[in-house]
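Asks: Sequence and predicted structure below; questions after.
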Amino acid sequence: MKKKTLFSLIFTPFLLVSLAVCITVFFLFNERFKHDEAALLTKISSQINKNIIEKTTNYLLPAILISELSVKLSASGVIDINNNGQLESYLIEQIKAYPQLSKVYLGKENGDFIMAHRDNKSFVTKIIYQQNKKEEVKQYNVYGELISATNQEASFDPRTRSWYFQTKEEEKAIWTDLYMFFTGKRPGITASYPLFNNNQTFEGVFGVDLELSEISEFLSFQKKYYNSKIIILNYKNEIVAQSGNIVFKTLKDGQIVPMHINEHGDDLIQESYKKITSIQKKDTATNQVTLTYDNNTYLISSISFPSYFGKNWKVMTILPKEKLLDNKVPANIIFYIMLIGITLLILIITMLIVRSITTPIKQLTFDLQRLRYKNVDGKIIKSSVIEVSELIHVYSDIKKLYSKTFTKEEK
């Protein structure tokens, strides 16, 4: 028979039973872990989407609010639309207050036009008099001091622009689709509001421009926080803006129009859109799905802008699952830590138990060897283990008996 140490006899079965219990408990609770992880992902994703919607709304909303406020200030007589000097100062102040705004302007029903926009560290105003087709351009420094003033022929008529005639037609605040700005030749969108006099006669439109590049830069800034793809879609599922590069379609006549998301060059974005739209057709209340693409898992969300924004837009976000759980320890790591911890605990407990048994036995063995040489002196042996203590007691009696025998022999 193969000999075994007392340590192995105690440690091995103790370890095997404990590990079996540990593994059983882990697998029983594994489904619970998965459920909790899914709930955590949903909570994190919902919070991120809420933050993105809130920040994007707050970023875009000043455009429509300023156009509306300008109309109300004009109607109440605070600003005079026929006082170009006052209007210039007012429009420049709006540009100063909101860096995301590209241009603020007023187009009148008679074709006159006044606009303010930022030009590096200075501000430029443009006043067009439609009657004589003259354009007056002024440049001001940050202190409001005039730097330069020029006059030239004007070719721009606000009444021909979509932001003007759409607002006039609908008689309410509007957000335009993507188009190319006349000034600067850059793509963007416009928030506009109709202006009526006290007799409810249409007098013109206040407009505020937001450049597409500025919106994309803002979304890219949010992307840095969440490592996600963010796309703003209109009611036609056309891309208003996205994080990263700006995208749009250029027609044969040179006009630009929004690109449908199905035409996007990013396959992940296309697959995400298909997945969430197919789910929403079955359940309109669903605004979040999971997509596995190229061996990676993503959380796809589509949330509409709040109703007070005034535009039927939505934000689609694509969030990588692994990035959302960067700060969360995986369940298998927890299991391995538990396994190592339990093994160490069992090892320590086993060593303490074995030591409490073997120490007095070793002392007893040494004393027995001394007894062979008729040496009955020795230290008192103690043990907290009842069985070992009984053995020591029996040995003590035998030792006393041998002690008497050795004494008689000496005599």
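Replies: Noted; the coordinates are in hand. Here the structure is a predicted model, which means the values were calculated and not measured.

Asks: For burial, what's the neighbour tally of the nearest residue to residue 266 once chain neighbours are set aside?
Replies: Once flanking residues are discounted, residue 266 sits nearest to residue 229: 7.5 Å by Cβ to Cβ, 6 or more residues apart in numbering. C-beta: built from backbone N, CA, C; applies to glycine. Applying other Cβ atoms under 10 Å, we find 21 residues neighbouring residue 229.

Asks: if I look at residue 229, how far off is residue 219?
Replies: Relative to residue 219, residue 229 is positioned 9 Å away (Cβ to Cβ, to the nearest Å).

Asks: Now the common contact residues for these two.
Replies: With contacts defined as Cβ atoms under 8 Å, 6 or more residues apart in numbering, the residues shared by residue 229 and residue 219 are 242-244.

Asks: Save the residues you listed as a markdown table, and put in pLDDT too.
Replies: As requested, the shared contacts of residue 229 and residue 219 are arranged in a markdown table below (pLDDT from 0 to 100):
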| residue | pLDDT |
| --- | --- |
| 242 | 83 |
| 243 | 83 |
| 244 | 76 |
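
Asks: Any quick ChimeraX command for the buried ones out of the residues you listed?
Replies: Remark: buried members of these, expressed as a ChimeraX selection using 16 or more other Cβ atoms under 10 Å:
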select :242,243
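
Asks: Going by distance to residue 22, which of the shared contacts of residue 229 and residue 219 wins?
Replies: Nearest to residue 22 among the shared contacts of residue 229 and residue 219 is residue 243, at 45.0 Å by Cβ to Cβ.

Asks: Please tell me I have it right and that closest one contacts residue 232.
Replies: No. Contact between residue 243 and residue 232 fails when scored by Cβ atoms under 8 Å: they sit 9.5 Å apart.

Asks: Residues in contact with both of these two, list them for me.
Replies: Residues touching both residue 243 and residue 232 (Cβ under 8 Å, 6+ apart): residue 219.

Asks: in the stretch 201-350 of the chain, which spans are helices?
Replies: Applying DSSP state H, counting those that start in this stretch to the stretch 201-350 of the chain gives helices spanning 212-226, 267-282, 321-324, 331-372.

Asks: which one of those helices lies closest to residue 95?
Replies: helix 212-226 (12.6 Å).

Asks: average pLDDT for that closest one?
Replies: The average of the pLDDT scores along helix 212-226 is 73.

Asks: buried stuff in the host helix or strand of residue 188?
Replies: According to DSSP states H and E, residue 188 maps onto strand 187-196. Neighbour counts using 16+ other Cβ under 10 Å place 187-195 of strand 187-196 among the buried residues.

Asks: Pairing partners for that strand, with directions?
Replies: strand 174-175 (antiparallel), strand 179-180 (antiparallel), strand 202-211 (antiparallel) (DSSP bridges).

Asks: With distance to residue 266 and mean neighbour count as added columns, please give these in CSV.
Replies: Formatted as CSV, those follow (distance: least, Cβ to Cβ, whole Å; neighbours: other Cβ atoms under 10 Å):
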stretch, distance to residue 266, mean neighbour count
strand 174-175, 25, 22
strand 179-180, 24, 18
strand 202-211, 22, 23
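
Asks: which stretch in those has the least confidence?
Replies: Across the strands paired with strand 187-196, strand 179-180 gives the lowest mean pLDDT, at a mean of 76.

Asks: residues making contact with that strand?
Replies: Outside strand 179-180, the residues that reach it (Cβ under 8 Å, 6+ apart) are 162, 186-190, 255-257.

Asks: now with 10 Å?
Replies: 161-163, 186-190, 212, 248, 250, 254-258 (Cβ atoms under 10 Å, 6 or more residues apart in numbering).

Asks: For those, which entry has the maximal number of neighbours?
Replies: Result: residue 190 is most packed of these (other Cβ under 10 Å), 28 neighbours.

Asks: What's the separation between it and residue 132?
Replies: Counting by Cβ to Cβ - residue 190 and residue 132 are separated by 26 Å.

Asks: can you check residue 347 too?
Replies: 97 Å.

Asks: between those two, who's got more neighbours?
Replies: Neighbours were counted for residue 347 and for residue 132 using other Cβ under 10 Å; residue 347 has more, 14 against 8.

Asks: Identify the residues contacting the nearest residue to the more buried one once chain neighbours are set aside.
Replies: Excluding its sequence neighbours, the residue lying closest to residue 347 (Cβ to Cβ, 6+ apart) is residue 11, at 7.0 Å. By Cβ under 10 Å, 6+ apart, residue 11 lies in contact with 5, 346-347, 349-351, 353-354.

Asks: Let me have the residues you listed in a markdown table, extended by distance to residue 366.
Replies: Compiled in a markdown table, these are given as follows (distance: Cβ to Cβ, whole Å):
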| residue | distance to residue 366 |
| --- | --- |
| 5 | 18 |
| 346 | 29 |
| 347 | 27 |
| 349 | 26 |
| 350 | 24 |
| 351 | 21 |
| 353 | 21 |
| 354 | 18 |
